[in-house]
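>>> here's my sequence, what's the structure:
(chains A and B)
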Amino acid sequence: MILILDNLGAIIVGAAVFLILLVTQLRATEMSVEQSTAYMMKNQASSMATWVEEDILQIGENIDKEVEAPYENPTQVDGMTTEFIFYRDSVNTEVSPPDTIRIATRYTLEQVGTRSTDSDTIAVYRINRHIKWGTGSWYAEGQSAPLISVFRVDMLDADANAVADPVAALAGDPLAVRNTRIRFAMVPPYDLDRTTLQQVYYGSTLIIPN
Amino acid sequence: MPQTLLAFLGMMVVGMYSLNTQRYEMLVQNRDIRREMEEMAGSVALEAMEIIRTREFDQAVIDGSTTGALTDLLLFSFNLGENQFTTGNQCSVFGTGGDTCDDIDDFHSMETAIRPFVLGTDTVFFAVDVDVRYVTDELVPSAFVTTNKEVTVKVQDYWVDGSAYIAKPIELTRVLTYEF
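Residues are numbered from 1 along each chain as shown, chains lettered A, B, ... in the order given. Below is the predicted model:
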C-alpha cells in the first residue's frame, strides 16, 4: 500500500500514457482498415464501370434506330433501375445475304442484404448480367460485386433530362434520345463504425452518346 | 523533480503522437470527401458538355443563312475584345432564366447555373460556368473566327454557406467543329 501511495503520481501518469497510446493505436488501425476497404470498393466500382461501359457502347450496333429502339424502357422502382434490356445485332458479312443475329443483354438488380448507416438502413444489391442470342434462352454472363447501393439507368434528351418513355419517344423522333446515363454507388465491403464515406459514388457517370 | 519532468515529457510525446494521428485522420477524411465531390463534379461537367454539344454550331446555322462553304465563317458570331461572344445569358436549359440558348456560343460566360447531382435519396449541388472561344485547327486560341469552338465547362461544389470541398473548379474542355 505504501508502495502504491508513494508512486501514485507515476501510476496515474503511466496509466494515462498507456490509455492514450492504446486509443491512438486502435484508431490508426481502424483508419488503415477503412482505407483498404475504400480501395477495394473503388476497385470493384472501376471494374464494373469498365464492363458496363463496354456493353453500353454497343447498344444499337447494326440496328437502325429509325426503325426500332435498340432497348426496352428501363424498369424504375423507387428511384432504382431494376431491369434494363438492350440489343445489338451481330452481322456475318462473309455469307450472302449477310446473316444477322440479335444479341440481347439484360441487367437485373438483385437484393442481397441490407447495410446500416448512421441515419438509416439501406438495401444492398448485385447486378446480374444475362445474354440471349437470337431466339435462344437467357444465360448468366457475369455479375457485379454485391455492394451496389444505387443503380440508375436513364435515357437523356438534348437537355440532359431523363426521357420517361424512351422507346415511344424514339419511335416519334430518332433524335429524341441523345445519351445513356448510368449512375451507381457502392458501399464498403466491411462495416466500420466510424467510416468516413458510407457510400461511394463511382465517378465516371457513364454518358454515352447514342 | 526528475520524475515529474519525465512524466511531463512522456505526456508530451504521447500527446503529440495522438494529435498527429487525429490530424492525419482529418486530412484523409477531407481527401476522401473531396475525391467524391470531384467525381460528381466531373459527371456534372460531362452532362453540361453533352447539353452544349447537342446545340447548333452558330446562330447563323439556325437562321439558315449558312451555305456549307468556307464563306460561312463571315456569318459566325464574333465580338472584338476579351469576350468573343455575348455574355451573361440566362439559359433556360440550365434553369437560370428565359434565354433560349440554342447555339454553342450562347453559353459563353452565361449566368452561373446550379445543377443537382441526385444519387439515391441524396442530392449535392454544383455551380456550372462555361467559357467558349475560337481555336485554330491546331487547338491554339484564335483571335479570329474559325470553324472550331473550344468549350470549357467549370464545375464547383455549391453549398448554401459558401464553403467548398473542391479547391479549384473541375474543368472539362472539348473542341466542337463546324461540319461543312
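>>> can you report how many residues lie near the residue of chain B found nearest chain A?
The minimum distance from chain B to chain A, using Cβ to the nearest Cβ, falls at B:Glu39 (3.2 Å). No exception for glycine: its C-beta is placed from N, CA and C like everyone else's. Using other Cβ atoms under 10 Å in any protein chain shown, the number of residues around B:Glu39 comes to 19.
>>> give me the contact list for the lengthiest strand in chain A.
Ranked by residue count under DSSP state E, the longest strand found in chain A is strand A:99-116. By Cβ atoms under 8 Å, 6 or more residues apart in numbering or on different chains, the surrounding residues in contact with strand A:99-116 are A:55, A:62, A:80-92, A:121-134, A:138, A:146, A:148-149, A:151, A:153, A:187, A:191, A:198.
>>> now these: which count as buried?
The neighbour-count test (16 or more other Cβ atoms under 10 Å in any protein chain shown) marks A:55, A:80-88, A:122, A:124-130, A:132, A:146, A:148-149, A:151, A:153, A:187, A:198 as buried among these.
>>> burial count for B:Val140?
What B:Val140 shows, counting by other Cβ under 10 Å, is a neighbour count of 10.
>>> report pLDDT for it.
What the model reports as pLDDT for B:Val140 is 94.
>>> so where's chain A uncertain?
A:117-119, A:191-210 (pLDDT under 70).
>>> please enumerate the helices of it.
Taking DSSP state H to define them, one finds helices in chain A at A:2-6, A:8-57, A:166-172.
>>> list the buried residues in the last one.
Read it as helix A:166-172. A:Pro166, A:Ala169, A:Leu170.
>>> cool, and stretch B:70-80?
So stretch B:70-80, judged by 16+ other Cβ under 10 Å, has buried residues B:Asp72, B:Leu73, B:Leu75, B:Phe76, B:Ser77, B:Phe78.
>>> and if you look at stretch A:27-43?
Buried residues in stretch A:27-43, counted by 16+ other Cβ under 10 Å: A:Arg27, A:Met31, A:Glu34, A:Thr37, A:Ala38, A:Met40, A:Met41, A:Lys42.
>>> distance of the third one from chain B?
With distances taken as Cβ to the nearest Cβ, to the nearest Å, A:Glu34 is found 8 Å from chain B.
>>> B:Asp32 versus that residue, what's the distance?
For A:Glu34, the distance to B:Asp32 (Cβ to Cβ, to the nearest Å) stands at 9 Å.
>>> likewise for the second one?
The span separating A:Met31 from B:Asp32 equals 11 Å under the rule Cβ to Cβ.
>>> which ones are touching the closest residue to B:Lys154 other than its chain neighbours?
Among residues not flanking B:Lys154 along the chain, B:Pro169 sits closest, at 4.1 Å (Cβ to Cβ, 6 or more residues apart in numbering or on different chains). The contact partners of B:Pro169, by Cβ under 8 Å, 6+ apart, come to B:Ala41, B:Asp129, B:Lys154, B:Val155, B:Gln156.
>>> repeat the analysis, applying 7 Å as the threshold.
By Cβ atoms under 7 Å, 6 or more residues apart in numbering or on different chains, B:Pro169 lies in contact with B:Lys154, B:Val155, B:Gln156.
>>> most neighbours of all those, which one?
With neighbours set by other Cβ under 10 Å, the maximum within these is found at B:Val155, which has 29 neighbours.
>>> ok so, going back, now tabulate the buried residues of helix A:166-172 in JSON lines and tack on distance to chain B.
Listed next are the buried residues of helix A:166-172 as JSON lines, based on distance: Cβ to the nearest Cβ, whole Å:
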{"residue": "A:Pro166", "distance to chain B": "16"}
{"residue": "A:Ala169", "distance to chain B": "15"}
{"residue": "A:Leu170", "distance to chain B": "15"}
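>>> identify the residues contacting the closest residue to A:Pro166 other than its chain neighbours.
Leaving out its chain neighbours, the residue that sits closest to A:Pro166 by Cβ to Cβ, 6+ apart is A:Met155, at 3.8 Å. The contact partners of A:Met155, by Cβ under 7 Å, 6+ apart, come to A:Ala162, A:Val163, A:Pro166, A:Val177, A:Thr180.
>>> quick one: low-confidence parts of chain B?
B:1, B:120.
>>> count of residues packed around B:Asp157?
23.
>>> quick check, it in a helix?
No. B:Asp157 sits outside any helix when classified using DSSP: H, G, I helix; E, B strand; the rest coil, being strand.
>>> is it in a bridge, and if so with what?
Counting by DSSP bridges, B:Asp157 is bridged to B:Phe126.
>>> excluding chain neighbours, what is closest to the residue nearest in space to the middle of chain A?
Nearest to the geometric centre of chain A sits A:Phe184, at 3.8 Å (Cα atoms, centre = their mean). Ranked by Cβ to Cβ, 6+ apart and with sequence neighbours excluded, the top spatial neighbour of A:Phe184 is A:Phe151, at 4.7 Å.
>>> next one: A:Ala28
B:Thr21 is the one closest to A:Ala28 (Cβ to Cβ, 6+ apart), at 5.5 Å.
>>> isn't the one you found right up against A:Thr24?
Yes. B:Thr21 lies in contact with A:Thr24 (Cβ atoms under 7 Å); the separation is 4.9 Å.
>>> pull up the overlap in contacts between the two.
Joint contacts of B:Thr21 and A:Thr24 (Cβ under 7 Å, 6+ apart) do not exist.
>>> which helix of chain B spans the most residues?
Longest helix in chain B, counting residues (DSSP H): helix B:2-53.
>>> and the helix or strand following that helix with chain A, contact?
Per DSSP states H and E, helix B:2-53 leads on to helix B:59-63 as the next helix or strand towards the C-terminus. No. If you take Cβ under 7 Å from any Cβ of the partner chain as the test, helix B:59-63 misses chain A, and the best it gets is 13.8 Å.
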